[in-house]
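S.K.: Following is a predicted model, sequence given first.
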Amino acid sequence: MAQSILECIPNYSEARRPDVVKAIMGSINSITGVSLLDHHSDLDHNRTVITFVGSPKAVEEAAFRSIAKAAELIDLDKHTGEHPRIGATDVVPFVPISGLTMQDCVQIARHLGERVGRELKIPVYLYEEAATRPERANLENIRRGQYEALKKEMGVNPERDPDYGPKHVGPAGATVIGARQPLIAYNVYLTTDDLATAEKIAKTIRFSSGGLRYVKALGMLVEGLAQISMNLTNFHKTSIPLVVETIRREAARYGVMIHHAELVGLIPEQALADAAAWYLQLDQFTPEQILEQKLISSLHSAETPSDDHPEFNTEFLDALASGEPTPGGGSAGAYAGAAAASLVCMVARLTMGKKKYAEVEAQMQAILTQAESLRNDLTNLIQLDASAFDGVMKAYRLPKDTSAQQDVRSKAIEQATLLATQSPMAVLKKSARVLELAEQVIRYGNTSALSDGASGAALATAAIQAAEFNIRINCKQLPANLADPILAELSDIKQHVAEIEARIHTALHERSL
């Protein structure tokens, strides 16, 4: 059975106050099992888009907490921006990545919508696949007139009544929650500041006005330039090059050109490959023709050693073998976790672009994105763990000749030791996530790289064990009121890890390793 991965891409009506955006991101990161992949803030739109993934329960909880945090910090009565909006958390789409159906996402959207309406007292509309009325499938219908119109009409016009929550809006406005397929948020800027030109071109290309299928578009004025803001809801059927060339043709009618374009959030690799093949007229192009993918595949499948293997940097291993207390076991655990994530990346890349594994292409792309992020985080934790231990040693070296000095020293040791539990806890959590990804590449990845996936799982387990040892040794130096919550969290994660390990063992047996 596939590991369930859910993607959520909420849009928040704030970009000009970094502290507010940081607080919202913090509410998402507070949930174990969630990986924040990307965030994009546009000052003219005054809007931030955040992308995160994880297990369905974790992602739903992270979405709820972020909606609550945004409602606490954003007042729509004081909000201005180019982008249409009706809420502090304006829209919350769920996208199935792995092990989930669209109907699963619909149920998650409805469950979250009911909870937001009941607990946060925020009106909620359901849209796209989760819509309860045909006219609400399109987001623009729900946002008609924006927050200002909704304040006047909700509770008066039954057509504007929400699916959940009260029939009136407060300063947090209303939130739209739904389920949809992956889309590309793509903006094109023109060499003019004439808003009317952008609006005319947007009307020409958007499907609701008779334009291109799977294209939603609005004309705006951003950074002093006319902008066509778009959502491309199916790049397989309406490609990015087709959209761009249509805009280019229409712009020429008005005597202007494309100035530049931008992505909001993430884009599937296949969309970029398709665009390159389209412009270069590579009718017979296949992903195997990409140099980097071919090199990785060739190096892995080579039967004899090559003189071109990368040089391995032994500096860290030399430092680990020295007589110095740092780097030590905590840093080694982070190193093992980073190596595990690297192997997951390797298997994902060796699976992508293969016709035999076309059904898991999107899943492997999502795994690769997450594993690369975890690899970077765990690499950074190698040094962070060493620094935290150095802080403990520094506290122990404080003077203790007088009673006052002893009190200062004791408090400093306690604070430094508590801080020293954070790095291994981060290694533990991130390595557990790597283990989850390793399970997926073992189950669904290229069988030629099955042993690499298994090696990644083994290294992730080693990283988890190393982190556990470091957490426990530090907790022994802490009072019970500080140590017990840490150890309880450790126990919960270890139980989850044991479940993953059991599934990995089964998967390896099923695939004959």
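M.R.: Nice, I can see it.
S.K.: what ranges of this structure fall below the confidence cut-off?
M.R.: Residue ranges of the chain with pLDDT under 70: 1-3, 292-313, 513.
S.K.: any idea which helix is longest in it?
M.R.: Using DSSP state H to define each element, the chain has its longest helix at helix 361-396.
S.K.: what helices or strands is the following helix or strand past that helix leaning on?
M.R.: On the C-terminal side of helix 361-396, the closest following helix or strand by DSSP states H and E is helix 403-420. Judged by 3 or more CB pairs under 8 Å, 6 or more residues apart in numbering; DSSP states H and E, helix 403-420 is in contact with helix 361-396, helix 450-475. C-beta: built from backbone N, CA, C; applies to glycine.
S.K.: helices or strands up against the longest one?
M.R.: What it means is helix 361-396. With contacts taken as 3+ CB pairs under 8 Å, 6+ apart, helix 361-396 sits against strand 5-8, strand 34-42, strand 89-98, helix 269-279, helix 329-351, helix 403-420, helix 422-444.
S.K.: and the second one, how far from the chain's centre?
M.R.: By that I understand strand 34-42. On the basis of CA atoms, centre = their mean, to the nearest Å, strand 34-42 sits 6 Å off its chain's mean C-alpha point.
S.K.: could you give the angle of that strand to helix 361-396?
M.R.: Taking axes from the mean of the first three to the mean of the last three CA atoms, to 10 degrees, one finds strand 34-42 and helix 361-396 inclined to each other by 100 degrees.
S.K.: next one: the fourth one
M.R.: Going by the same axes, to 10 degrees, helix 269-279 is angled at 130 degrees with respect to helix 361-396.
S.K.: follow-up on the earlier one: pick the most deeply packed of the helices and strands packed on helix 403-420.
M.R.: helix 450-475 (a mean of 22; mean count of other CB atoms under 10 Å).
S.K.: Might one say that residue 74 is in contact with residue 16?
M.R.: No - Residue 74 sits out of contact with residue 16 when judged by CB atoms under 8 Å, with a separation of 10.9 Å.
S.K.: out of these two, which sits in the busier spot?
M.R.: Per other CB atoms under 10 Å, whichever of residue 74 and residue 16 has more neighbours is residue 74, with 23 against 16.
S.K.: what residues are up against that one?
M.R.: For residue 74, the contact set (CB atoms under 8 Å, 6 or more residues apart in numbering) comprises 12, 13, 14, 20, 88, 171, 172.
S.K.: ditto for residue 369
M.R.: Neighbour list for residue 369: 37, 266 [criterion: CB under 8 Å, 6+ apart].
S.K.: Between the contacts of residue 74, which sits nearest residue 241?
M.R.: Residue 241 lies nearest to residue 12 out of the contacts of residue 74, by CB to CB, at 31.1 Å.
S.K.: where's the nearest residue to residue 371 once chain neighbours are set aside relative to residue 435, distance?
M.R.: Setting aside the residues directly before and after it, residue 371 is nearest to residue 344 in space (CB to CB, 6 or more residues apart in numbering), at 4.2 Å. Look at residue 344 and residue 435: by CB to CB, to the nearest Å, they are 9 Å apart.
S.K.: quick one: which of these two has more around it?
M.R.: More crowded of residue 344 and residue 435, by other CB under 10 Å: residue 344, with 33 against 26.
S.K.: isn't the more buried one right next to residue 437, touching?
M.R.: Yes - taking contacts as CB under 8 Å, residue 344 lies within contact range of residue 437: 4.8 Å.
S.K.: who touches both of those two?
M.R.: Common neighbours of residue 344 and residue 437, using CB under 8 Å, 6+ apart, are 367, 371.
S.K.: For residue 399, give its distance to residue 414.
M.R.: Distance, residue 399 to residue 414, using CB to CB: 17 Å.
S.K.: between those two, who's got more neighbours?
M.R.: A direct count of neighbours by other CB under 10 Å for residue 399 and residue 414 places residue 414 higher, at 15 against 10.
S.K.: where does the residue nearest to the more buried one when sequence neighbours are not counted land in three-state SS?
M.R.: Excluding the flanking residues, the one nearest residue 414 by CB to CB, 6+ apart is residue 478, at 6.6 Å. Following DSSP: H, G, I helix; E, B strand; the rest coil, the label given to residue 478 is coil.
S.K.: Look up how far residue 187 lies from residue 223.
M.R.: Going from residue 223 to residue 187 by CB to CB gives 10 Å.
S.K.: Comparing those two, which residue is more hemmed in?
M.R.: Counting neighbours by other CB under 10 Å for residue 223 and for residue 187 shows that residue 187 has the greater number, 19 against 12.
S.K.: Could you pull up the contacting residues of the more buried one?
M.R.: Counting by CB under 8 Å, 6+ apart, residue 187 touches 222, 227, 228, 229, 230, 261, 262, 263, 264.
S.K.: As JSON lines, these with distance to residue 429, secondary structure and neighbour count would be great.
M.R.: Compiled in JSON lines, the contacts of residue 187 are given as follows (distance: CB to CB, whole Å; DSSP: H, G, I helix; E, B strand; the rest coil; neighbours: other CB atoms under 10 Å):
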{"residue": "222", "distance to residue 429": "38", "secondary structure": "strand", "neighbour count": "20"}
{"residue": "227", "distance to residue 429": "39", "secondary structure": "strand", "neighbour count": "25"}
{"residue": "228", "distance to residue 429": "41", "secondary structure": "strand", "neighbour count": "29"}
{"residue": "229", "distance to residue 429": "36", "secondary structure": "strand", "neighbour count": "24"}
{"residue": "230", "distance to residue 429": "37", "secondary structure": "strand", "neighbour count": "25"}
{"residue": "261", "distance to residue 429": "37", "secondary structure": "strand", "neighbour count": "16"}
{"residue": "262", "distance to residue 429": "33", "secondary structure": "strand", "neighbour count": "14"}
{"residue": "263", "distance to residue 429": "29", "secondary structure": "strand", "neighbour count": "14"}
{"residue": "264", "distance to residue 429": "28", "secondary structure": "strand", "neighbour count": "23"}
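S.K.: nearest to residue 370, of those residues?
M.R.: Nearest to residue 370, judged by CB to CB, of these is residue 263 at 18.6 Å.
S.K.: Report the beta-bridge partner residues of the closest one.
M.R.: Here residue 263 sits in beta bridges with residue 186, as judged by DSSP bridges.
S.K.: any idea how far residue 121 lies from residue 182?
M.R.: Applying CB to CB, the value for residue 121 to residue 182 is 32 Å.
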